[in-house]
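1. Test case, fold it:
(chains A and B)
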There are 2 protein chains.
Amino acid sequence: MLGHSLLTQFEGMSPHQITVPFVDSEEKARECVARINETRRNGNARPIVFSTLVNNKIRKILRQSDAFLLDFFEMFLDPLEAELGVKSTHTIGRSHSAGDKKQYSNRIEAINFSIAHDDGIASADFDKADVILVGVSRSGKTPTSLYLALQFGIRAANYPLIPEDFERLSLPKPLDPYRRKLFGLSILPERLREIRNERRPDSNYSRLENCRYEVQQAENLMRREGIRWVNSTTKSIEEISTTILQEFKLERRVY
Amino acid sequence: MLGHSLLTQFEGMSPHQITVPFVDSEEKARECVARINETRRNGNARPIVFSTLVNNKIRKILRQSDAFLLDFFEMFLDPLEAELGVKSTHTIGRSHSAGDKKQYSNRIEAINFSIAHDDGIASADFDKADVILVGVSRSGKTPTSLYLALQFGIRAANYPLIPEDFERLSLPKPLDPYRRKLFGLSILPERLREIRNERRPDSNYSRLENCRYEVQQAENLMRREGIRWVNSTTKSIEEISTTILQEFKLERRVY
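-> Now for the predicted structure:
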């Protein structure tokens, strides 16, 4: 992901990207070197290798390849060791939540919550929600709530805004006591049409005029009720989720 | 996440970690500097700052703080620019899938698939699954399948192994045609007991002997049927998912 993110900074280049996980033996490192050198011999540009290996013996092998090597740990750990005056442990797989039971339950609990409260099912325990996402059908509520659960352990319910709500000119009743937890997602009508059309082609549901009507009404409703919202057309799920954490000053419960 | 991952390499240190997203103006950068310097003035060790800022003006402001600054882009982009002989664009938010419609639908489709096929519901279109996770109840199938969907756009169904399957000494019927897609999750009985006990305290379901029986039978069944599996007790969801990608040679459909 590090390498991918950096390469997006070079416009017009779309290098072939390969991920090789779990290079945890000298043999596997030698296989990598062979593969890199073969790529080079086949007349390609010098391969760029992003390495997060921590084992010194394995790193040494990889360094012998005919590649431009960016070694994550060398670039960061050496300066950090100097700053902290402590040697790092050079152990692998410490950054995820395996083994941390509290984090594991935070995650599972949030996922269960998110699934149990998807699309307005079960509004009984909205008081346990960290945030309740609202928006028209297919505006991105479900993936956002699952991402919040998986990545941050945040309990996000989601509740659809439907034409009946627009006619009533008011929030759905179950949301009323939880106004401070509401966060809206909107979307460009043209994009909504595409998404809905994949699901129900040539229906009134996916018709552009209907999408325009629903989006406009939903935005009016959110504006009237003072609900903050973002547009999911141009923001990734990652960005929307980070925005939500920040808006509600939520601390992540999973690392 | 980068900083967090690096700091886990220093044992016995648990520095207070703060994430400040969206530093996208000079004013916000100055607020950061004030906050960093105040932390320092309050008698703390020199703050360590991991920066992924790309805007030059904003980076320059941050560099004036009294911090040990590790600048992600300086450390990687400068050498990459030299290697590629091209200037990078220094634009933000390019690394996620917003705007890439194909990736967005891959993700949504995989999430819908995962939810529709959670816990053995709907075995009708298992032929569309990339992988089908099997294991006893609460062995980690649901979070893994959702992670695969969200992070990689992989369609993962999941199907529980239950006592009836153990008595019949055979795979559940709906799985039979899809043996090559099966991947197992197992778990330590002691850990399973804890997880189940949070859900249904003091039940037979969560009793240690019952957990032991189910886990042993499930592992016997998987061994007999030649199903590969990993133990979710010591592996994070991230590691399990990466293992699955590799085992089935699946390419990620979302970046």
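2. Flag every residue of the stretch 151-255 of chain A that's near chain B.
-> By Cβ under 8 Å from any Cβ of the partner chain, the residues of the stretch 151-255 of chain A that approach chain B are A:194-195, A:198, A:234-239, A:242-243, A:245-246, A:252, A:255. C-betas here are computed from N, CA, C, even on glycine.
3. Now rank those residues by neighbours and give me the top one.
-> A:Ile237 (25 neighbours; other Cβ atoms under 10 Å in any protein chain shown).
4. That residue contacts A:Ser139, doesn't it?
-> No - with contact defined as Cβ atoms under 8 Å, A:Ile237 does not count as touching A:Ser139 (11.9 Å).
5. between the residues of the stretch 151-255 of chain A next to chain B, which is nearest chain B?
-> Distances from chain B to these, taken as Cβ to the nearest Cβ, are shortest for A:Ser236 (3.4 Å).
6. What score does that closest one have for pLDDT?
-> A:Ser236 is assigned 86 on the pLDDT scale.
7. Relative to A:Ser137, how far out is it?
-> To A:Ser137, A:Ser236 is 20 Å away according to Cβ to Cβ, to the nearest Å.
8. same thing with A:Val131?
-> Distance from A:Val131 to A:Ser137, by Cβ to Cβ: 19 Å.
9. Which one's more surrounded, these two?
-> Taking neighbours as other Cβ under 10 Å, A:Val131 and A:Ser137 compare with A:Val131 leading, 23 against 16.
10. Spell out, range by range, the strands that occur in the stretch 51-200 of chain A.
-> A:68-71, A:131-135, A:156-160, A:182-186 (DSSP state E, counting those that start in this stretch).
11. now the ones you listed in a markdown table, with mean pLDDT and distance to B:Phe68?
-> As requested, these are exported to a markdown table (pLDDT from 0 to 100; distance: least, Cβ to Cβ, whole Å):
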| stretch | mean pLDDT | distance to B:Phe68 |
| --- | --- | --- |
| strand A:68-71 | 92 | 20 |
| strand A:131-135 | 97 | 34 |
| strand A:156-160 | 94 | 35 |
| strand A:182-186 | 97 | 35 |
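12. So what's the residue count around A:Phe10?
-> 18.
13. Among the residues of the stretch 151-255 of chain A next to chain B, name the ones in helices.
-> A:194-195, A:198, A:237-239, A:242-243, A:245-246 (DSSP state H).
14. Could you dump the residues you listed into TSV with distance to A:Asn42 added?
-> Shown next, in TSV, are these (distance: Cβ to Cβ, whole Å):
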residue	distance to A:Asn42
A:Glu194	40
A:Ile195	41
A:Glu198	39
A:Ile237	37
A:Glu238	35
A:Glu239	38
A:Thr242	41
A:Thr243	44
A:Leu245	45
A:Gln246	47
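15. Between all of these, which two are separated the most?
-> A:Glu198 and A:Gln246 (31.4 Å; Cβ to Cβ).
16. related to what we said a few turns ago, go through the ones in helices among the residues of the stretch 151-255 of chain A next to chain B and say which is closest to A:Arg40.
-> Looking across those and measuring by Cβ to Cβ, the closest to A:Arg40 is A:Glu238, at 33.8 Å.
17. where does the stretch 1-150 of chain A dip in pLDDT?
-> Counting by pLDDT under 70, the stretch 1-150 of chain A shows low-confidence ranges at A:90-99.
18. all helices for it, in order.
-> With DSSP state H, counting those that start in this stretch as the criterion, the stretch 1-150 of chain A has helices at A:2-7, A:26-41, A:56-62, A:72-84, A:101-116, A:141-152.
19. how about stretch A:216-233: buried residues?
-> Residues A:217-219, A:221-222, A:225, A:227, A:229-233 are the ones in stretch A:216-233 that count as buried (16 or more other Cβ atoms under 10 Å in any protein chain shown).
20. Endpoint to endpoint, that stretch covers what distance?
-> Distance across stretch A:216-233, first residue to last, is 15 Å (Cα to Cα, to the nearest Å).
21. Next up, the contacts around the residue nearest to A:Glu214 when sequence neighbours are not counted.
-> Leaving aside its chain neighbours, A:Glu214 sits nearest to A:Val136 (4.6 Å; criterion: Cβ to Cβ, 6 or more residues apart in numbering or on different chains). By Cβ atoms under 8 Å, 6 or more residues apart in numbering or on different chains, the contact list for A:Val136 reads A:160-162, A:186-187, A:192, A:214-215, A:218.
22. can you check A:Tyr147 too?
-> With Cβ under 8 Å, 6+ apart, A:Tyr147 has these contacts: A:237-238, A:241, B:150.
23. Dump these into CSV; add distance to A:Ser203 as well.
-> Formatted as CSV, those follow (distance: Cβ to Cβ, whole Å):
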residue, distance to A:Ser203
A:Ile237, 25
A:Glu238, 31
A:Ser241, 30
B:Leu150, 27
